[in-house]
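[1] Model the following, please.
(chains A and B)
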Amino acid sequence: MAATETKRDGRYLRRQRTNWTATVLSIGAAGFGLTWLALILLVLVVKGFGGLNLAVFTEMTPPPGGAGGLLNPIVGSLILTVLAVLIGTPLGILAGTYMAEYGRYSKLTSVIRFINDILLSAPSIVVGLFVYEIMVARMGHFSAWAGAVALGILVIPVVVRTTEDMLLLVPNTLREASSALGLPQWLVIRHVAYRAARAGMITGVLLAVARITGETAPLLFTALNNQFFSWDLNAPMSSLPVVIFQFALSPYQDWQQLAWTGALLITVAVLGLSILARVLSSKKVPT
Amino acid sequence: MQEETATIDTLIRDEAQRARILRGFEIGDRTFRLLTQTAAIAVLVILAGVIFSLIYGSMPTWRAFGLGFLTSESWNPVTEKFGALPAIYGTLLTSIIAMLIGVPISLGIAIFLTEICPEKLRRTIGIAIELLAGIPSIIYGIWGLFVFAPFFQTYVQPPLIDIFANIPVLNQLFAGPPYGIGLLTAGLILAIMVLPFITSITREVFDTVPPVLKEAAYGIGCTRWEVMRRVVIPYTRVGIIGGVMLGLGRALGETMAVTFVIGNAHRIVPSIMAPGTTISASIANEFTEAVGELYTSSLVALGLILFFITFIVLAAARLMLMRIEKKAGV
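    Residues are numbered from 1 along each chain as shown, chains lettered A, B, ... in the order given. The predicted structure follows:
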C-alpha cells in the first residue's frame, strides 16, 4: 500500500516537474523574443539618434568624408511609395472586390486567393528581377518608374487580402436591404459595402505602405540609386533603404552614421504605420 | 382633356427616363463587374509574368550549362563558369538553422501567449512580438553586421570552436576561424525574423481548438503541459506545420538581412561558421555589377530556382492551413 502511494506520488511529482519546466521554457521563449526586440530598438535609437539633426532633412547625401544629410533619399522614398500605392491600390481593391462581391463562390476566386496568398510571402527580390526583365532591360536604363512598379506589385497582394477580408465581414443584410430598394449591385458595392468596410480597407493600404517602406531588394536593380536630388521619374532615383545598404557597407565613418540615422527613420516610420493601422482596425470593425 | 394628355406625356417621358436610368444601371453594373474581374485576373497574370520573365531571362544559362547548372560548384565570372550549388546549399542551410532554432521558440511563445500569460499582458506582449515582423529586413541586416556579428565573433564562436574541437563531425561543423559573419550568423538572424510569423499562425490555430476539448482534459486532471502536448498540439498539428512552412518560405527568400552577414562566398565548406552565400544574397550583391549576358542570366536563373523552391513551400503551407480552416469551420 505504502509502495503504491510513493509510486503515485513520484509520478505526480514528475508530471508536476515536467509541467513546471515547460512553463518556464515557454516564458523563457517569450522573454527571448522580447529581448531581441528591445535590443534591436535600443541599438537603433542609441546609434541613430546621435546623428539626428536638421541637416539630415535638408541636405543631400554627401561624398565620402563630407557632411550632408538624407534629403534626396527621403524624398525619393516618398515619391516611390506614393507612386507604388497609386499603382497597386486600385488594382488590389478592384481584385478584392471581385473576389468578395461578384465572384464570391466562383472557382476563379479560390484560385486567385491561393495565388495571392503565395505572392504575399514570395521573395521580393524575385519581383525586382521580374521588373528588371520587363522594364529596365527593355528601356535600357534604370528608372524611378521601374522601382515604383516593383513596389506596386508588392502592394497588390496585401490590399487584395485585406479588401476581400473586410468586404466579407460586411453583413449581407445590408446588401439585401439596398438591393431591395432597387440599387444595382455596383452601386450597392460602392455606396454600401465600401462604406461599411472603409476603415478596414484603409488599414490594408497602411499595412501595404509599411511593407514597402523598408523594402530594399526590389529597388536595387530597378530604381537603383542617385547621389543627387531628382524629380525625373525616368532616371534612377535614390531611396532610403538602398542608401542605408550602400552606406552601411562602406568603410567611411560618417556614411555609416548616416546609415544608422536612416535606419532609425525608416523603423520609426514603419512601426508608426503598423501601430496606426492596428489602432484604426481595432476601433472600427465593420458591424 | 388637355390635362389628360399632359399626364400621358409625363408618363411617357417618365417611362423613357426610367428605362434610360435602368439601362445606365445595367451598363454600370456590367462595366464595374468587368473591371473588377480584369483586376482579379491581373493577379494571376502577374504571377505568370514573373515565372515567364524568369524563364526567358535565364535561357542563356540553361542553354550554356543545362541542368549541370544545378549541380556545379564553380562560380567564376572571369571564365564565365557558373553553378548554383553553393547558393542553393547556403539558402537551405541557413533556413534549416533558422527553423531548428525558430520553431521551438515560436511554439514556446505561442503556448505562453495562449495559456500562461495573464489576460492583461496578452495583448501587449502579442503586439510586441508582432512588431518584430514589422522591422524592415535591412534593419536586421545592419544590426546583424555591426552589433550581433562582432559579439558573436568575440563571445560565442571561440567557445564553440573550443568545445567541439575534439569531437569528430562536430569539430568540422564548428571549425574556426571565428569570422563573426557566415552561415550560422545568417541562420540565427533568420531565426529571429521568422519568430513572429510562426508565432502568430500558431496562436491562430491554437485558438481553433474547441474549449470543450481542453476543459475535458483539465477536468480529468491533466497538467497544462499535458493539455498542450496531448490535446492542443495534436489537434492543430497540420496548422502548425503550415505555419512552420510559411516561416520557412520567408526564410528561404529573405534577402537584405542575409546579404549583410553572409559574407558572399560561392563555395561549400563543412564549417557552418564560414562565410557562404544564399541565392537571394548573390542576386542582391552581384546583379548590378554583373557584366555579360551569361553572368546576368545565371543570376536570373538563381532567382528562378528560388522562386520555384519558395512557391512549392508556400503552396504546401497554404494547403495545410486551408485544411485546418476547414476543420475549424465544421
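[2] Now do B:L299: how many residues are near it, please.
    If you count neighbours by other CB atoms under 10 Å in any protein chain shown, B:L299 ends up with 26. (Each C-beta comes from the backbone N, C-alpha and C, glycine too.)
[3] quick one: it and chain A, what's the gap?
    8 Å (CB to the nearest CB, to the nearest Å).
[4] How about the residue in the stretch 51-200 of chain B that chain A sits nearest to, nearest residue that isn't a chain neighbour?
    Nearest to chain A, among the residues of the stretch 51-200 of chain B, is B:P136, at 2.3 Å (CB to the nearest CB). Counting by CB to CB, 6 or more residues apart in numbering or on different chains, B:P136 lies nearest to A:G214, which is 2.3 Å off, once chain neighbours are set aside.
[5] Same check on B:V313?
    B:V313 sits nearest to B:G249 (CB to CB, 6+ apart), 4.5 Å away.
[6] ditto for A:L183
    A:H191 (7.2 Å).
[7] how many neighbours does that neighbour have?
    As a measure of burial, A:H191 has 12 neighbours, counting by other CB under 10 Å.
[8] what's the spacing between it and A:A199?
    The gap separating A:H191 from A:A199 is 16 Å, by CB to CB, to the nearest Å.
[9] With A:G50 instead?
    From A:G50 across to A:A199, the span is 39 Å (CB to CB).
[10] Compare these two and say which is more crowded by neighbours.
    A:A199 (16 against 12).
[11] Can you tell me the SS state at that one?
    helix (DSSP: H, G, I helix; E, B strand; the rest coil).
[12] which stretches of the stretch 1-150 of chain A have low pLDDT?
    A:1-5 (pLDDT under 70).
[13] what are the ranges of the helices in it?
    Using DSSP state H, counting those that start in this stretch, the helices of the stretch 1-150 of chain A run over A:2-49, A:54-58, A:71-97, A:107-121, A:124-131, A:137-139, A:144-169.
[14] Of these, which is nearest B:A40?
    helix A:71-97 (4.2 Å; CB to CB).
[15] How many residues are close by A:A148?
    A:A148: 27 neighbours (other CB under 10 Å).
[16] So for B:C117, what's the nearest residue that isn't a sequence neighbour?
    B:I125 (6.1 Å).
[17] phi, psi of the one you found?
    phi -70, psi -40 (degrees, to the nearest 10).
[18] How about B:I135?
    Dihedral angles (degrees, to the nearest 10) for B:I135: phi -70, psi 120.
[19] distance of it from B:I198?
    Counting by CB to CB, the gap from B:I135 to B:I198 is 16 Å.
[20] before we move on, the earlier item: tell me which residues touch the residue nearest to B:C117, please.
    A:A30, A:L34, B:F112, B:L113, B:C117 (CB atoms under 8 Å, 6 or more residues apart in numbering or on different chains).
[21] Quick one: those residues as CSV, columns for neighbour count and distance to A:L167 too.
    Shown next, in CSV, are the contacts of B:I125 (neighbours: other CB atoms under 10 Å in any protein chain shown; distance: CB to CB, whole Å):
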residue, neighbour count, distance to A:L167
A:A30, 25, 35
A:L34, 16, 35
B:F112, 24, 34
B:L113, 23, 29
B:C117, 19, 33
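[22] What pLDDT is listed against B:T71?
    pLDDT for B:T71: 90.
[23] measure it to B:F65 for me?
    10 Å.
[24] A:P90 too?
    42 Å.
[25] Also B:M256?
    28 Å.
[26] These two: which has the busier surroundings?
    Counted by other CB under 10 Å, B:M256 and B:F65 do not tie: B:M256 has more neighbours, with 27 against 19.
[27] Make sure the more buried one is actually in contact with B:G141.
    Yes: B:M256 is within contact range of B:G141, at 4.8 Å (criterion: CB atoms under 8 Å).
[28] okay, and the common contacts of those two?
    A:F245.
[29] can you pull the buried residues of the lowest-mean-pLDDT helix or strand in chain B?
    Every helix and strand in chain B was compared by mean pLDDT, DSSP states H and E; the lowest is helix B:170-173, with a mean of 83. By neighbour count on 16 or more other CB atoms under 10 Å in any protein chain shown, the buried set for helix B:170-173 is B:N171.
[30] CA atoms only for it - export them in CSV, please.
    Provided in CSV are the C-alpha atoms of helix B:170-173 (Å, rounded to 0.1, in the frame of the first residue of the first chain):
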residue,chain,number,x,y,z
LEU,B,170,31.1,18.5,-34.8
ASN,B,171,34.6,19.9,-35.0
GLN,B,172,34.1,20.0,-38.7
LEU,B,173,30.8,21.8,-38.4
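[31] Distance from the chain centre to that helix, please.
    29 Å (CA atoms, centre = their mean, to the nearest Å).
[32] Summarise which helices and strands that helix is packed against.
    Packed against helix B:170-173 by the contact rule (3 or more CB pairs under 8 Å, 6 or more residues apart in numbering or on different chains; DSSP states H and E) you find helix B:157-164.
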